[in-house]
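**Student:** Following is a predicted model, sequence given first.
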Amino acid sequence: MVIKIYCMNYEFFALLQQELSIVLIIVLLLFIKLGPERTSERILGTVNLLLLVNCIAGFFMQAEGSLFGQMFYTDRLVIFEKNILNVATLIVSLQAYNWLKGHAHALEFYMLLLSTLLGMFFMISANNLLIFYLGLELSTIPLAAIANFDLGKRQSSEAAFKFIISAAFSSGLLLMGISLLYGTTGSLDFEGIRLGLDRSTLQLFAFILILSGFFFKISTVPFHLWTADVYEGSPVPVTSYLSVVSKGAIYFVFLYVLYKVFGRLEYIFHPILELLAILSMVVGNLFALRQQNLKRFLAFSSIAQGGFILVGLTGSYDVFSTSVIYFILVYVFSNLGAFGVVALISAQTGKETIDDYKGLYSTNPMLAWILAISLFSLAGIPPTAGFFGKFFLLMAGAKAGMYALVIIAALNMVIALYYYLRVVKAIFMDANAQAIEKLPVPMQPRLALLLCGAGIIVTGFVGWIYDYIYLLSIDL
């Protein structure tokens, strides 16, 4: 009996290792908050050290299995996805150094941030719609709070308000769809839902509601209207977290649920994916052309990037799951590289427009090169990793015979190339009598930028990364 209990406890802690690690960090931060007062620099150094240990620990003692009556599961692919989010969160934290070192509520920020990450972990490991929804809400509500963390700025409050309203609406759609689905299948488990699908009208309506909820979360056109305003009003580190970590988690869940649970409804969602992929690429690119504020610019860029992901989702599961996860890994380094430069400059100068960045190379060459490499990767210019990421997405669509969709995506890459290079031109070629002065780059933001730059290069040239993800995908 003692041995059996010991084994059960070991399995519990092994399968929940990453979630318990996040909970432990939150508890430690709470004790630090209740303890003697510390300087901001010391607090930020401690938190980043804890996040680094958490990232490293995520690659060890990996266990596969399920808990809570198979409502929670984990496998090697799920662990890899969580590790991607861990690395992205660490980079965001390092980039937030300049902004948080003068903030009176840095510890509260991290408690909220890690609460959202904990919710995303439960969401990714969910094998039941109830666990998925609870994880979704845990990841969403604290995000609205940290979107309002520029406490003295009205624009930040507006961003938080718009985010919570849109999040509540999308969650309402999801919850309504889940309720109808439970009523028609009698189950909340993914496997029970899959077996209970009979393609009735009510089930199709429930599925459309759930699909709409997902599209709101990933800012797919026409469910994207909240994105630019929230990105612009939120603090830059929060914007980068929203664009990479939050969206990445939703995509990880979406690609699994779409084909593993609702695979029988492919004849319904396949044309929807094709249409929304085209709309997202076209609308995102056309609106990005008109933007001057870099946060709005990157917001519409992320909408367009989401359209490319939807192109990949039209392929077979093993191919598109590999290409989507690989693209998100590349997107982490590319987008966070761009946002890292914007965060550093915004925190020290308050400048966020493209015109402000004219002549940046003459005064801040390192920042200029990191931003340029990141934009090259987002544009899909070889030999950066972004080229390979988009190439694999388009090949996934082509393999499924979606040649017209792939051609439209390729044309949109040309449009995207123009507006990304517009920023690069401003940085390197345009003269500016009032160029941004030489800025000090503290060690932690510098480390984050170097990680992003290295990640963009390494993930593009190290071929075994894609092969490793493919092996994890076909093991499902």
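**Tutor:** Thanks, I have the structure now.
**Student:** From now on I want contacts and neighbour counts done on CA atoms only, so please keep to that.
**Tutor:** OK.
**Student:** burial measure for residue 463, as a count.
**Tutor:** Neighbour count of residue 463, defined by other C-alpha atoms under 10 Å: 10.
**Student:** residues contacting it?
**Tutor:** Listed by C-alpha atoms under 8 Å, 6 or more residues apart in numbering, the contact set of residue 463 is empty.
**Student:** Give me the pLDDT for residue 288.
**Tutor:** Per-residue pLDDT puts residue 288 at 88.
**Student:** And for residue 216?
**Tutor:** So residue 216 comes in at 88 (pLDDT).
**Student:** do the same with the one 4 residues further on
**Tutor:** pLDDT for residue 220: 88.
**Student:** Let's verify the nearest residue to residue 380 once chain neighbours are set aside: helix, strand, or coil?
**Tutor:** Nearest residue to residue 380 in three dimensions, chain neighbours excluded: residue 387, at 3.8 Å (C-alpha to C-alpha, 6 or more residues apart in numbering). Recorded secondary structure, residue 387: helix (DSSP: H, G, I helix; E, B strand; the rest coil).
**Student:** which SSE is the spatially closest residue to residue 363 that is not a sequence neighbour in?
**Tutor:** Take residue 363 and drop its neighbours on the chain: the residue closest to it by C-alpha to C-alpha, 6+ apart is residue 438, 5.1 Å away. For residue 438, there is no host helix or strand (DSSP states H and E).
**Student:** my guess is residue 438 contacts residue 366, does it?
**Tutor:** No - counting by C-alpha atoms under 8 Å, residue 438 does not reach residue 366; the two are 10.6 Å apart.
**Student:** Which of those two has more residues huddled nearby?
**Tutor:** More crowded of residue 438 and residue 366, by other C-alpha under 10 Å: residue 366, with 16 against 12.
**Student:** Would you mind measuring from that one to residue 91?
**Tutor:** As judged by C-alpha to C-alpha, to the nearest Å, residue 366 and residue 91 stand 17 Å apart.
**Student:** can you check residue 225 too?
**Tutor:** With the distance defined as C-alpha to C-alpha, residue 225 ends up 27 Å from residue 91.
**Student:** all strands of this protein, in order?
**Tutor:** 65-67, 72-74 (DSSP state E).
**Student:** May I see the buried residues of the first one?
**Tutor:** Just to be clear, that refers to strand 65-67. residue 66 (16 or more other C-alpha atoms under 10 Å).
**Student:** Report all helices and strands that it contacts.
**Tutor:** On a contact count with 3 or more C-alpha pairs under 8 Å, 6 or more residues apart in numbering; DSSP states H and E, strand 65-67 meets helix 2-15, strand 72-74.
**Student:** mind showing which ranges of the stretch 1-150 of the chain have poor pLDDT?
**Tutor:** Filtered on pLDDT under 70, the stretch 1-150 of the chain yields the residue ranges 1-10, 61.
**Student:** That one: helices as residue ranges?
**Tutor:** Ranges of helices within the stretch 1-150 of the chain are 2-15, 17-34, 40-57, 76-95, 97-100, 106-124, 129-147, based on DSSP state H, counting those that start in this stretch.
**Student:** Just the residues contacting the second one, thanks.
**Tutor:** Helix 17-34 is touched from outside by 13, 47, 50, 54, 58, 82, 107, 110-111, 114-115, 117-118, 121-122, with contacts defined as C-alpha under 8 Å, 6+ apart.
**Student:** Over to stretch 370-384?
**Tutor:** With C-alpha under 8 Å, 6+ apart, stretch 370-384 has contacts from 331, 333-335, 337-338, 341, 385-390, 413, 416-417, 420-421, 424, 449-450, 453, 456-457, 460.
**Student:** circling back: just flag the most distant two among the contacts of helix 17-34.
**Tutor:** For the contacts of helix 17-34, the farthest-apart pair by C-alpha to C-alpha is 13 and 107; their separation is 26.4 Å.
**Student:** Same drill for those two, tell me which one is more crowded.
**Tutor:** Taking other C-alpha under 10 Å, residue 13 and residue 107 do not tie; residue 107 has more neighbours (20 against 15).
**Student:** The more buried one and residue 29, how far apart?
**Tutor:** Residue 107 sits 7 Å away from residue 29, going by C-alpha to C-alpha.
**Student:** just residue 327 next, same as before
**Tutor:** Taking C-alpha to C-alpha, one finds residue 327 at 33 Å from residue 29.
**Student:** can you check residue 400 too?
**Tutor:** 49 Å.
**Student:** In terms of neighbours, single out the busier of those two.
**Tutor:** Higher neighbour count among residue 400 and residue 29: residue 29, with 20 against 15, using other C-alpha under 10 Å.
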